[in-house]
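Trainee: Here is my input, please return the structure:
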Amino acid sequence: MKTQISRDFVKELRTKTGAGIMDCKKALQAADGNMEMAIETLRKKGLASADKKSTRSATEGIIDSYIHIGSRIGVLVELNCETDFVARRIEFQKLAKNLAMQVAACQNVSYVSIKHIPQYIIDREIRIESKKEDIVNKSSEIRDKIIKARIDKRLKEMCLMYQPFIKDQNIIIEDLIKQHIALLGENIKVRRFQRFLLGEKIEST
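Mentor: Down below sits the predicted model:
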């Protein structure tokens with residue numbers, strides 16, 4: 001016999017995950033009413049669905065902005081989707097705003113993802129890591145492994161997609177976008193962003 005799930009419980013799960021009503025009901029029934037287990041099930045399902053859509057062309061979308069309190073930091077973000085219909089959805093527009101806020105909060109982030117990092121930046125980071133004193137006396141094999149791990153970590157620190165979401169530290173931005181792909185049924189991509197800091201690059205006279 002299936003566990004009886006209240007309408008309010010289903011609505012709560014839908015609010016938390018963005019999944020469809022029936023998917024939420026089935027997930028709760030399968031988890032015997034355990035909200036956390038149901039959320040995990042829906043997230044896994046959503047991420048798998050999003051991966052299938054990630055290669056589709058996304059040429060519509062919006063440019064959104066965020067001005068931080070005090071008006072000393074401003075951000076512009078271009079977020080792309082497949083159709084103008086989805087671009088007008090409140091969920092899509094809220095995602096764009098959250099991404100702009102994320103960029104404002106992560107001032108060490110300069111790129112969308114690792115593939116956007118210029119090769120000369122990667123080469124510079126490798127040179128820096130290669131000369132660190134704590135690996136000088138290691139064997140070449142161990143040294144290479146340490147350098148690779150450190151470079152991978154450093155490059156991710158520079159990219160928006162790998163940052164913990166400021167409103168939910170349990171997920172990274174990449175997964176947040178995949179959740180919205182699953183919710184809205186279209187591929188979604190961050191094309192670019194620009195951060196503006198008051199007084200930045202102004203030469204004193």
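
Trainee: separation between the closest residue to Glu186 other than its chain neighbours and Ile171?
Mentor: Among residues not flanking Glu186 along the chain, Glu82 sits closest, at 4.1 Å (Cβ to Cβ, 6 or more residues apart in numbering). Just so you know, the C-beta spots here come from the backbone N, C-alpha and C atoms, and that holds for glycine as well. As judged by Cβ to Cβ, to the nearest Å, Glu82 and Ile171 stand 23 Å apart.

Trainee: And those two? Which one has more around it.
Mentor: Neighbour totals were compared for Glu82 and Ile171, and Glu82 leads with 20 against 14 (other Cβ atoms under 10 Å).

Trainee: Could you pull up phi and psi at Ile166?
Mentor: Main-chain torsions, Ile166, degrees, to the nearest 10: phi -60, psi -20.

Trainee: mind showing which ranges of this structure have poor pLDDT?
Mentor: The chain contains residues with pLDDT under 70 at 1-3, 16-20, 43-57, 202-205.

Trainee: repeat that for 80
Mentor: Along the chain, segments meeting pLDDT under 80 span 1-4, 14-23, 40-59, 136, 200-205.

Trainee: where along it do the strands fall?
Mentor: Secondary structure of the chain by DSSP state E: the strands cover 60-67, 73-81, 164-165, 168-172, 189-197.

Trainee: which helices and strands does the fourth one pack with?
Mentor: Contacts defined by 3 or more Cβ pairs under 8 Å, 6 or more residues apart in numbering; DSSP states H and E place strand 168-172 against strand 164-165.

Trainee: Can you list the strands that the strand it packs on pairs with?
Mentor: Sheet pairing of strand 164-165 (DSSP bridges) gives strand 168-172 (antiparallel).

Trainee: Show me which positions of the partner strand end up buried.
Mentor: Within strand 168-172, the residues that count as buried by 16 or more other Cβ atoms under 10 Å are Ile172.

Trainee: again, but for stretch 194-202
Mentor: Within stretch 194-202, the residues scored as buried using 16+ other Cβ under 10 Å are Arg195.

Trainee: contacting residues around it?
Mentor: Residues outside stretch 194-202 that contact it (Cβ atoms under 8 Å, 6 or more residues apart in numbering): Ser71, Arg72, Ile73, Gly74, Val75, Leu76, Val103, Ala104, Gln107.
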